[in-house]
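> just a sequence and a predicted model for now, questions to come.
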Amino acid sequence: MTQHFLLSSAARTLSLKAVMRMSEGQAREAFQRIRWHEREGEPFCSRCGCAELYDCKAEKLWKCKGCGYRFSVTSGTIFASRKMDIRDILAAIALFSNGAKGISALQMSRDLNCQYKTAYVLCHKIRESLTAKKADSTVSGEVEVDGAYFGGYIKPANHKADRKDRRLAIHQNGKRRVVVIMRERNGKTLPFVFKTEDEAIGTIQSRVVAGSTIHADEASGWDALHAKYLTKRVNHSKAYSHDGACTNQAESFFSRIRRAEVGTHHHIAGPYLAAYAGEMAWREDNRRVSNGEQYLLATHAALTHGVSRQWKGYWQRAA
């Protein structure tokens with residue numbers, strides 16, 4: 001949370017209303033203040049670290065006097081090689097941050113007057129930058145663990161006599177996935193996607209620090225956790241909390257992601273389920289933070305994240 005206070009006071013005045021009144025030049029200056037906040041917006045070469053630059057104002061670029069590298073305010077970030085105006089990118093981040101249940105790419109495309117595919121990729125780039133810093137994170141102390149299944153919907157047959165028991169594996173399509181959450185009380189939220197809860201045991205053991213206390217429900221998949229952790233279990237068919245065991249904060253995360261699924265995105269399963277889960281974990285972790293600070297956190301994360309290998313077109317086609 002300390003990075004909130006490192007950002008310049010001038011950048012704190014940013015809001016959607018202010019962004020839409022900006023000129024492109026003012027938006028670029030705002031990007032500079034956020035990206036290079038430790039130097040109060042003064043750029044430096046990201047390749048050699050040199051602060052001596054030629055200002056190519058006509059091309060809106062800088063050239064390093066040390067290594068000759070030419071770069072713009074978005075070079076080397078997740079917005080590298082952008083075609084969209086910087087003001088529109090700032091507006092997209094503001095819209096993204098203000099959605100308590102997220103924002104759909106269709107709504108984003110309408111608000112920004114851009115193609116749906118452009119808005120879809122832009123939203124996923126923001127999600128990628130928000131979740132990147134948790135790639136190697138661990139949780140400790142009181143940790144709640146739970147799982148919820150998404151996707152794999154099988155439409156029932158029209159006539160009742162033709163309907164199958166969709167709970168049986170033989171009648172499922174194999175697309176169903178479980179989001180397993182490890183939520184540290186008053187701390188971080190780490191979501192992961194697996195085919196079954198049993199597959200999550202290894203990840204839990206590598207992400208939850210030894211000596212922590214795990215809270216889980218009575219699902220048999222969590223029995224293996226007793227070997228390494230003090231594990232408190234609660235039977236939800238009888239109580240929501242019992243003898244100090246409670247998973248209400250994990251359930252709070254699933255409540256948010258379900259609302260996002262039903263009310264905003266309508267379909268978050270498939271290969272990008274982890275991206276949506278990571279977004280909702282970020283929203284849960286910053287739920288007590290003001291909208292303005294969330295805006296700055298999202299912008300700073302995007303401008304300090306490297307070029308996306310997943311959402312950069314030619315890299316994605318070559319994969």
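Arrived safely. None of these values were measured; they are calculated from a predicted model. Numbers count the residues shown, from 1 in each chain.

> could you list the low-pLDDT ranges of the stretch 101-250 of the chain?
Low-confidence segments of the stretch 101-250 of the chain (pLDDT under 70): none present.

> what are the boundaries of the strands in it?
Using DSSP state E, counting those that start in this stretch, the strands of the stretch 101-250 of the chain run over 142-150, 177-184, 189-194, 213-217, 230-234, 241-242, 245-246.

> any idea how many residues pack against residue 292?
16 (other CB atoms under 10 Å). No exception for glycine: its C-beta is placed from N, CA and C like everyone else's.

> can you confirm it is in a helix?
Yes. Residue 292 forms part of a helix when assessed by DSSP: H, G, I helix; E, B strand; the rest coil.

> how close does it sit to residue 56?
Taking CB to CB, to the nearest Å as the measure, residue 292 falls 33 Å from residue 56.

> now do the contacts for the residue nearest the centre of the chain.
Centroid-nearest residue in the chain, with CA atoms, centre = their mean: residue 279, separated by 2.9 Å. By CB atoms under 8 Å, 6 or more residues apart in numbering, the contact set of residue 279 is 102, 127, 130-131.

> and this structure, what are its domains?
2-133+293-311, 136-287 (automatic domain parsing).

> check the offset of stretch 202-210 from the chain's centre.
Put simply, stretch 202-210 sits 21 Å off its chain's centre (CA atoms, centre = their mean, to the nearest Å).

> ugh, wrong one, I meant stretch 257-266
That offset, for stretch 257-266, works out to 15 Å (CA atoms, centre = their mean).

> and stretch 65-82, by the same measure?
Mean C-alpha position of stretch 65-82 versus that of the full chain (CA atoms, centre = their mean) differs by 24 Å.

> helices of the stretch 151-300 of the chain, start to end?
201-207, 248-260, 273-285, 291-304 (DSSP state H, counting those that start in this stretch).

> okay, these in a markdown table with distance to residue 223 next?
Output for the helices of the stretch 151-300 of the chain, formatted as a markdown table (distance: least, CB to CB, whole Å):
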| stretch | distance to residue 223 |
| --- | --- |
| helix 201-207 | 9 |
| helix 248-260 | 18 |
| helix 273-285 | 24 |
| helix 291-304 | 37 |
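
> those helices: lowest mean pLDDT?
With a mean of 90, helix 291-304 has the lowest mean pLDDT of the helices of the stretch 151-300 of the chain.

> can you check what angle separates it from helix 273-285?
Angle between the axes of helix 291-304 and helix 273-285 is 140 degrees (criterion: axes from the mean of the first three to the mean of the last three CA atoms, to 10 degrees).

> buried ones in stretch 160-177, by neighbour count?
176-177 (16 or more other CB atoms under 10 Å).

> got a list of contacts for it?
The contact list for stretch 160-177 (CB under 8 Å, 6+ apart) reads 149-152, 154, 156-157, 193-195, 269-270, 273.

> among the contacts of residue 279, who's most crowded?
residue 130 (25 neighbours).

> residue 282 is in contact with that one, correct?
Yes. Between residue 130 and residue 282 there is a contact under CB atoms under 8 Å: 4.6 Å.

> which one of the helices of the stretch 151-300 of the chain lies nearest to residue 96?
When those are compared by CB to CB, helix 291-304 sits nearest residue 96, at 6.5 Å.
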